[in-house]
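*Asks:* any chance you could fold what I've pasted below:
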Amino acid sequence: MSDQTPSPNQDQQLAIPPATPATELDPRDVRRSERAARREERHAQRESNNTAWIGGIVLIVLGVVFLLQSIRGFYLNNWWALFILIPALGSFADAWNSYRQQGRVSRRVRGALVSGCVFLLITATFLFNWNWGIILPVLLIIWGVTMLLNSLLPD
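*Replies:* Coordinates of the predicted model:
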């Protein structure tokens, strides 16, 4: 039996190299990261404020309708249909935000625009007592055109 002791050459090959000392952070890098963090925080704050205007617009529209009813005798039988504008405005806001993020009209932007228009059409139908016999085929045509555009245009 031979005794297998590592030779000095083998010891040097198995040795772990010494750790390199940690480098200090460059003050410019620290300032850049702080600026990036503040920029992200402002962007997140703007995004949260973008949806707050929807409630403001709904309240303004309701106030105008009630004011017109009081002053001019303007009367809407189905004033409750104005609440259907809430998802319409939300869809338009989503379309705008998606367009700003992507910088182009994508499938998501087109879908949000079409759904906002559909909600707007349904609201107008209730408010002005339009004939559903005409509106339903128009909604089917809008749906078909949307599907056609989504299949033909790039994502």
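
*Asks:* contacts, neighbours, all on C-alpha from now
*Replies:* Noted.

*Asks:* helix/strand/coil for the closest residue to residue 62 other than its chain neighbours?
*Replies:* Nearest in space to residue 62, with sequence neighbours left out and distances taken as Cα to Cα, 6 or more residues apart in numbering, is residue 82 at 7.4 Å. Going by DSSP: H, G, I helix; E, B strand; the rest coil, the secondary structure assigned to residue 82 is helix.

*Asks:* right, and residue 82 touches residue 122 too?
*Replies:* No. Taking Cα atoms under 8 Å as the contact criterion, residue 82 and residue 122 are not neighbours in contact, 10.0 Å apart.

*Asks:* tell me, how many neighbours does the residue nearest to residue 62 end up with?
*Replies:* Applying the criterion other Cα atoms under 10 Å, we find 18 residues in the vicinity of residue 82.

*Asks:* against residue 42, how distant is it?
*Replies:* Distance from residue 82 to residue 42, counting by Cα to Cα, to the nearest Å: 33 Å.

*Asks:* same question for residue 83.
*Replies:* On the measure of Cα to Cα, residue 83 and residue 42 end up 31 Å apart.

*Asks:* helices along this protein, start to end?
*Replies:* Chain-ordered helices for the chain, with DSSP state H as the definition, fall at 8-14, 27-50, 52-71, 85-102, 107-127, 132-152.

*Asks:* TSV for the ones you listed, including distance to residue 78, mean neighbour count and mean pLDDT?
*Replies:* Below are these laid out as TSV (distance: least, Cα to Cα, whole Å; neighbours: other Cα atoms under 10 Å; pLDDT from 0 to 100):
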stretch	distance to residue 78	mean neighbour count	mean pLDDT
helix 8-14	85	9	54
helix 27-50	29	11	71
helix 52-71	11	13	78
helix 85-102	13	18	89
helix 107-127	5	19	90
helix 132-152	15	13	88
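
*Asks:* closest to residue 77 out of those helices?
*Replies:* Go through the helices of the chain one by one with Cα to Cα and the one that ends up closest to residue 77 is helix 107-127, at 7.2 Å.

*Asks:* how distant is that closest one from the center of its chain?
*Replies:* Averaging C-alpha positions (Cα atoms, centre = their mean, to the nearest Å) puts helix 107-127 16 Å from its chain's average.

*Asks:* noted, bye for now.
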